[in-house]
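Enquirer: pasting the structure only:
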């Protein structure tokens, strides 16, 4: 156990270091003087000099990199020249919006995906399976932002059931929060639901032909108990992995969804930063995303090894 | 042994013409895959011959006819500038197909050699794995955002962002195929026959990995096309006045109430194209690799 955990920790650390190098080099790959880029278009020589010394741009690159990592590790991501606010603070305000949206989307995706996947596997070669397969294929082919546009057109404009924009925190007003987040979460979760459905279906099909399922049936268990208690339980491992792998897609999707539904989250912060050339903000956002992604993947992997002991024994999987 | 390795007749286990015909026959027997293939071909032709198909120039402004609903003259209606939406969609298709193809070619060009080396030379494996993990740590859109900040938004930026995001998948498929093939008897036979690494990789391993790569690529293209639409929608990809389905959808945002058709038709175009590619991809996977088949 400890050897596997140690190896994964080490791998994640190396990946994280590489990611910080990429982010660090990224902003220096910009054409022109980095001090000028950091300061914005119209800035006097005094400001430039101040920025140069505060960012240590007069130091050699490795020294600059170490300073950058040191500051980032203590939560200092610099200050946005556009808003004048600390980048870390802005991210801190936007993050809860995105986390609530993503959690809601994940819940929808897992519920719909697993439900449809089980139905499709149990009702083989019946209309229910074709319907589930068809919807999943559609889910993979419909761009989520367009689905969002259509839902707004239908449920916010033609029949104003849901608001087309705005955010209410779940912790302030749960009912209003769900009303505001249902459409965005549906949009964000649709693609993931399709992927989860396909994986659940194939894992279930395999599980349903396994010996332990036949044993369970033979000893007289009801079919609900066989399907849910035995086959589904073993299929869930696959679902956990897929959700872990799709995390990046979820983050990307959140950017678009927030833009569409005007939610003041992480994604909107990112896009606004690009269009205002707010480089410290871009750097901070990219670094936080990469770090979060690496950490969550590490957690998923470790969870996975808890669920399925074969993984930590096997060591290297192909 | 006096015979040279290159002239030695070692069974190379590459899909012979007969097998290729069998694959084609399997696809043609699958009505969904055929539908996909036909739609994809039509879309490709429309994209190539856009200037002959489109009834109007894509950037022709007509202030006498702003926001007209679909009609006999304007099949998809007109936008706020009176531009014919059908013509713009046909040209938009060109951007979609171009970005879809180029980004997949880009990811294959970089991903395949890395995957081959990682699978073939055990020493390189951890290095390549860490590099792909690092790439994966940057979600596609975050990557695109960074690139757009550096390169500026353009079609090239979209191609690179989508292509780079697809590299890890290509590396993984190529690597695992290489690992699998490296242990096969015909590779051992080639080694015994004196084949060098370059010959092994090029003549024995890569040709046998193509099936898996074709499947990977067909899965990647619809994703890339949707990716292009997303990037252009956000303003990170193709720039106006060039038409793109994503740009059309971004323009539609402002006129959701007054011109809903502006959002409906470009979106449907993407859905039909992506659906066709997914159907074709599923059919190809079933035909090339019956073990991985959906109906297995």
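Expert: Received the coordinates, thanks. Note that the structure is a prediction, hence the values are computed from the model and not measured. Residues are numbered from 1 along each chain as shown, chains lettered A, B, ... in the order given.

Enquirer: give me phi/psi at residue B:78?
Expert: Dihedral pair for residue B:78: phi -130, psi 160, per degrees, to the nearest 10.

Enquirer: so it sits against residue B:62, correct?
Expert: Yes: using Cβ atoms under 8 Å, residue B:78 makes contact with residue B:62 at a distance of 7.1 Å. The way it works is simple: take the backbone N, C-alpha and C, and place the C-beta from them, glycine included.

Enquirer: any residue of stretch B:27-37 up close to chain A?
Expert: No: Stretch B:27-37 lies out of reach of chain A by Cβ under 8 Å from any Cβ of the partner chain, never closer than 9.2 Å.

Enquirer: dump the residue contacts of residue A:116.
Expert: A:132, A:135, A:136, A:193, A:197, A:200, A:201 (Cβ atoms under 8 Å, 6 or more residues apart in numbering or on different chains).

Enquirer: 10 Å instead, please
Expert: A:128-129, A:131-133, A:135-136, A:139, A:193-194, A:196-198, A:200-201 (Cβ atoms under 10 Å, 6 or more residues apart in numbering or on different chains).

Enquirer: what parts of the stretch 51-200 of chain B come near chain A?
Expert: Counting by Cβ under 10 Å from any Cβ of the partner chain, the residues of the stretch 51-200 of chain B lying close to chain A are B:119, B:125-126, B:129-153, B:165, B:168, B:175-176, B:179-180.

Enquirer: among the residues you listed, name the buried ones.
Expert: B:119, B:125, B:129, B:131-149, B:153, B:165, B:168, B:175-176, B:179 (16 or more other Cβ atoms under 10 Å in any protein chain shown).

Enquirer: quick one: mean pLDDT for stretch B:186-205?
Expert: Averaging pLDDT along stretch B:186-205 gives 84.

Enquirer: revised request: answer the last question for stretch A:26-39.
Expert: Mean predicted confidence for stretch A:26-39 is 68.

Enquirer: please apply the same query to stretch B:239-248.
Expert: Here stretch B:239-248 scores 85 as its mean pLDDT.

Enquirer: near chain A, anything from that stretch?
Expert: Yes: shown here: stretch B:239-248 in contact with chain A (Cβ under 10 Å from any Cβ) through B:245, B:246.

Enquirer: coming back round to it: higher neighbour count, residue B:78 and residue B:62?
Expert: residue B:78 (28 against 14; other Cβ atoms under 10 Å in any protein chain shown).

Enquirer: list the contacts for the more buried one?
Expert: Residue B:78 touches B:56, B:61-62, B:64-71, B:84-88, B:259, B:261-262, counting by Cβ under 10 Å, 6+ apart.

Enquirer: please spell out the PyMOL selection for the buried subset of the residues you listed.
Expert: Selection of buried members from these for PyMOL, criterion 16+ other Cβ under 10 Å:
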select buried, chain B and resi 56+65+66+68+84+85+86+87+88+259+261+262
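
Enquirer: helices - which of the contacts of residue B:78 land there?
Expert: B:85, B:86, B:87, B:88, B:261, B:262 (DSSP state H).

Enquirer: and residue B:23, how close does it get to chain A?
Expert: Distance, residue B:23 to chain A, by Cβ to the nearest Cβ, to the nearest Å: 22 Å.

Enquirer: surely that residue touches residue B:210?
Expert: No: applying Cβ atoms under 10 Å, one finds residue B:23 not in contact with residue B:210, separated by 11.4 Å.

Enquirer: which of the two has more neighbours?
Expert: residue B:23 (18 against 15).

Enquirer: picking up where we left off before, quick one: buried ones out of the contacts of residue A:116?
Expert: A:129, A:132-133, A:135-136, A:139, A:193-194, A:196-198, A:200-201.

Enquirer: from those residues, pick the one nearest residue B:108.
Expert: Nearest to residue B:108 among the buried ones among the contacts of residue A:116, counting by Cβ to Cβ, is residue A:198 at 24.0 Å.

Enquirer: element containing the closest residue to residue A:29 other than its chain neighbours?
Expert: Spatial nearest neighbour of residue A:29, excluding adjacent residues (Cβ to Cβ, 6 or more residues apart in numbering or on different chains): residue B:150 at 5.6 Å. Here residue B:150, judged by DSSP states H and E, is contained in helix B:140-151.

Enquirer: kind regards, and thank you for your time.
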